[in-house]
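>>> Provided below for reference: sequence and predicted model.
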Amino acid sequence: MRQSTTLARPSPSGADGRTVPDPSSPRPPGGLEGELLCAGETAPGPGAARRSPPRLLASYAVTVFALLTLNFFLPRAMPSDPISALIDAESPSYVQSAELRAELERYYDLDRPLVEQYMAYLGGLVQGDLGVSIRYNQPVSELIADRLPWTLLLLTSSMALAAAVGLALGVHSAWRRGQRLDQGLLTFFLALHNLPVFFVASLALLVFSVELGWVPLGGTNTPFRGLDDPLSAGLDIAHHLVLPAVVVAAGTASAYYLIMRSSLVGELGADYLQLGRAKGLRERRLKYRYAGRNSLLVVVTWSAMRLEGLVTASVLVETVFAYQGMGRLMFDAISFRDYPVLQGCFLLLTLIVVSANLLADLLYARLDPRTAA
Amino acid sequence: MRRRTFLLGGLGSAGLLTLGACSGGDDEATTPSHDAESGNAAPLPRPTLRLAGGDVGFPSPFAYRRGGGYVMATMIYDTLVWKDASGELLPWLAERFETSDDARIHTFTLRPDLRWHDGEALTARDVAFTFDYFRSQTISPQVIIQPLPEIEEVVALDERTVEFRLATTLAPFFEFGGVGSVLIVPEHVWSSVPNAGAATDPAVLVGSGPYRLESYSPGEGSYLYTAHDDYFLGTPFVRRLEYRPVGDALTGLQAGELDAATASGVVPAVLEPFRANPELEVIEAPPGNSGSGLFWNLARGGALADVAFRRACALAIDRQDLVERLHGGNAEPGNPGWIPGANPFHVDVEQYDFDPAAAEAMLDGAGYLRTEGDGVRQGPDGQPLRFTLLATSPVSPVTELVVSALGAIGVELTTQALDTPTFNQRVIARDSEMSIIGFGGMNTDHGPDYLLQVYSSKTETTQHAQGYVNPEVDRLCDLQNTQVDRAERMETTAEIQRLIADDLPLLPLVYPASFAIVDPRTFDAWYYTEGGVGSTVPAIDNKHGFVTGRRTGLDIRPMAEGS
């Protein structure tokens, strides 16, 4: 985690504070963005939001087009090709002649010039056609439709879990910064934040599935159990979901915690909190409704930018838990140089990440009226 | 080898012959010897069997992948003849056949009243269509069973009679790529499908076989089959087959999630807990279901094309040590004659037993001398014996042991580990010096044909002996393919084995043994088919056993009432 060291540094005012909250703490110098973002990462927030919506959309459209082009050429930049992946090295019965190879290339349209393939790819996209998988011989859109719900389930449940736990504890920790609880939480989340996700996943699998047997070894649901009873089917899915979701959530929750804590520490000395306190508002209201809400601004921006990290985590976690989502699909597609599937997956990711950023841009204006035009 | 004799009888003489030396007549089923062989006759409840899944493709005869995928398709589709545990050919869709004097025309008569799962009649026209349709399609090389090119014409003479006209006499006609393995598909379903390989809608899976596919999830690799109770042999004994995706089959078996699991090349300690468990049974298959070999690219010339250099390398590699060290003895050293010991076609050839001193002497004698101080030998052409060894990633211990063994005699190898697609591309393009390549299925009926596919310069496969051309081997490989007299074919393949062991264009390193661990409480008729499922795949899931509940014969075992 690139941001962790920056994030973890206690704000200048909060390091030694024992009392809560310390109204005399000054706002951290340099502003929140300076504190939270490393070089090279700039918040899309205020600047972008000031642009008019049509200009904003146009700039996003250009980005999407550039990414679509990249999505086409990147898979083809890998060594080898789908036909070589199709030929199985393990058996001499797979006759491999130049003619057969040429025939297969023709069949999958891989014999046409790259530019022609690119135009066909763009043409297909315009018509909503993502092509056919070379490995599975199935339309890419069908494969994605099968897998996407599982990844969405995994990501939304882990996001919700991570946000609930990370944000609440972040607020709590900042409010009591420097105290034993804060120090304990900070150490715990810092450690969690720096553990590689595949390690956490493997460890969790070993402990909770293999040793304790509390949860299944993997998969999205029990195979062939039938769908006679929706309630038990739901419970079965939840039973399979809980461990992967907790593992994905663990990494994200620690990031949420650290960012919320850091952001809120900066809010502690703010005038509006002083005023609120003077008005006699309750601590709880000040903590969550006032300070917490104000700190959300940074969290929202950050969440959108962190989405791609979440996707990476899901690829690793889905692989460890044999969870049949997009991550696994992508992983296999890379192994088999399945260009159409890779293009389809990348397209989806592109759209998700770009629209999340767009949403953050638009949300930002709502959360912070000052940035609106 | 009863089946061979039987086959020879069928091929060698003209006239009507009834298939089914082991067709399970009443007498046969009740003879003690038969009972002992099939091992079971008591009524049992119809079981559901749970096996290890894994994605082997959509199980249509045109879209599956590899041997495992073929087995999946055989549950839904049938062949004209099929083998049981003994390797005996049983009448399956065909009830009999006759062979012309010149053994180039085979006429099969189908059983009466065969039906597809959708109720349509299965006729000789479907058989003829199947062979024609395969030819009209571009099919992935991973669909391992495709009709042999020597099958020139398949003609439906009437509703139940179909004639195969061959370009030449054809040894594997009843086996790989012939009537014992090509799955018959319905014309009324496929005639309107332009791209067979792209048809992945479950609705196309109308077969005639004992099971229907209920569900398949690509990627995850779960398959669920339920019995087709109106099957022509009777209601299948096994009610339901579940291929479940499990990370590790042995763990799955241990956790009670599977009824059977297979393992290859595992050390004895892995099998120990299963052998110790009185409730489980360990079935052993002889080594040769898979293997790996060291390939020299002879086309590169220099030392690689020098047989003395290759023989010296062979002498320097302790293959018995590979067997002990990597497999704890559960393997067989690779055979320079390629065919593993358990295969009936195997003959003893020069083994190049481990002798590093002889290897050094051979290199010295051939002019590869240690002239530089670094210990790497130089050839008579002044080129040092430094080569790149291609291997698939992750690098296996076999590769490391080969590198160290050859290093000891002054041959320096640098391993280049590549992922499978890149490795395949390099090997196919012959862009290699030396490589370690895996292969499988040498111990099936397909064994002798593999000689043709690996050692004949006329064929191209990934396992092909790189740059090897021996016109005599080419001639004999072609010859054995046409020899329907088994004794003659064995003689020819014996000569090929001696020649290739002598020329040594590649060195098979190790053949791991395979094991199946089964739970006989749910089902007790598991077996490895002699010669492979469909003469091709070394697997324990032969549908014959699932249909009959027995190891041999066509009688279906009595089922417990109400099951």
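Cool, the structure landed.

>>> Show me which residues of the stretch 101-250 of chain A sit near chain B.
Proximity of the stretch 101-250 of chain A to chain B, by Cβ under 8 Å from any Cβ of the partner chain, involves residues A:101, A:103-104, A:106-107, A:132, A:136-138, A:143, A:146-147, A:217-219, A:223-224. Just so you know, the C-beta spots here come from the backbone N, C-alpha and C atoms, and that holds for glycine as well.

>>> Is the residue nearest the centre of chain A within a helix or a strand, and which one?
Central residue of chain A (Cα atoms, centre = their mean): A:L310, 2.3 Å from the mean position. In this assignment (DSSP states H and E), A:L310 forms part of helix A:293-320.

>>> Please see if the very next helix or strand once past that helix touches chain B.
Using DSSP H and E, the next helix or strand after helix A:293-320 towards the C-terminus is helix A:326-335. Yes. Helix A:326-335 is in contact with chain B by Cβ under 8 Å from any Cβ, via A:328-329, A:332, A:335.

>>> Domain ranges for chain B, per the record?
Domain assignment for chain B, taken from automatic domain parsing, gives B:11-243+B:530-548, B:290-512.

>>> roughly how far out does the longest one sit from the chain middle?
I take that to be domain B:11-243+B:530-548. 16 Å (Cα atoms, centre = their mean, to the nearest Å).

>>> can you tell if it touches chain A?
Yes. For domain B:11-243+B:530-548 and chain A, the contact criterion (Cβ under 8 Å from any Cβ) is met by B:53, B:57-58, B:63, B:65-67, B:138, B:140-142, B:144, B:176, B:195, B:197-198, B:200, B:214-215, B:217-220, B:222, B:224, B:242, B:536.

>>> Shouldn't B:D431 be within a strand?
No. Using DSSP: H, G, I helix; E, B strand; the rest coil, the secondary structure at B:D431 is coil, not a strand.

>>> mind listing what it touches?
For B:D431, the contacting residues are B:Q425, by Cβ atoms under 8 Å, 6 or more residues apart in numbering or on different chains.

>>> helix, strand or coil for whichever residue of the stretch 451-563 of chain B sits closest to chain A?
Proximity to chain A, evaluated over the stretch 451-563 of chain B using Cβ to the nearest Cβ, is greatest for B:Q463 at 3.8 Å. When classified by three-state DSSP, B:Q463 comes out as coil.

>>> rewinding a little: can I have the buried ones of the residues of domain B:11-243+B:530-548 next to chain A as a ChimeraX selection?
Buried subset of the residues of domain B:11-243+B:530-548 next to chain A, written as a ChimeraX selection, criterion 16 or more other Cβ atoms under 10 Å in any protein chain shown:
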select /B:53,57,58,63,65,66,67,140,141,142,144,176,197,198,200,217,218,219,220,222,224,242,536
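
>>> Among the residues of domain B:11-243+B:530-548 next to chain A, which lie within helices?
Mapping the residues of domain B:11-243+B:530-548 next to chain A onto helices (DSSP state H) picks out B:66-67.

>>> now, which of the residues of domain B:11-243+B:530-548 next to chain A lie within strands?
Counting by DSSP state E, the part of the residues of domain B:11-243+B:530-548 next to chain A found in strands is B:214-215, B:217, B:222, B:224, B:242.

>>> Okay, now the unreliable bits of chain B?
Applying pLDDT under 70 to chain B flags the ranges B:1-43, B:247, B:561-563.

>>> how about 80 then?
Residues of chain B meeting the criterion pLDDT under 80: B:1-44, B:246-248, B:255, B:372, B:441, B:446-447, B:460-462, B:560-563.

>>> Can you report phi and psi for the residue of chain A most remote from its centre?
The centre of chain A is farthest from one residue, A:E99, which by Cα atoms, centre = their mean lies 44.4 Å away. Backbone geometry at A:E99, expressed as degrees, to the nearest 10, gives phi -70, psi -50.

>>> Ok, B:A260 next?
Torsion angles, degrees, to the nearest 10, at B:A260: phi -160, psi 150.

>>> Give the bridge partners for it, please.
Under DSSP bridges, the beta-bridge partners of B:A260 are B:V518.

>>> Does it touch B:V518 like I think?
Yes. Between B:A260 and B:V518 there is a contact under Cβ atoms under 8 Å: 4.3 Å.

>>> Pull up the overlap in contacts between these two.
Residues touching both B:A260 and B:V518 (Cβ under 8 Å, 6+ apart): B:526, B:540.
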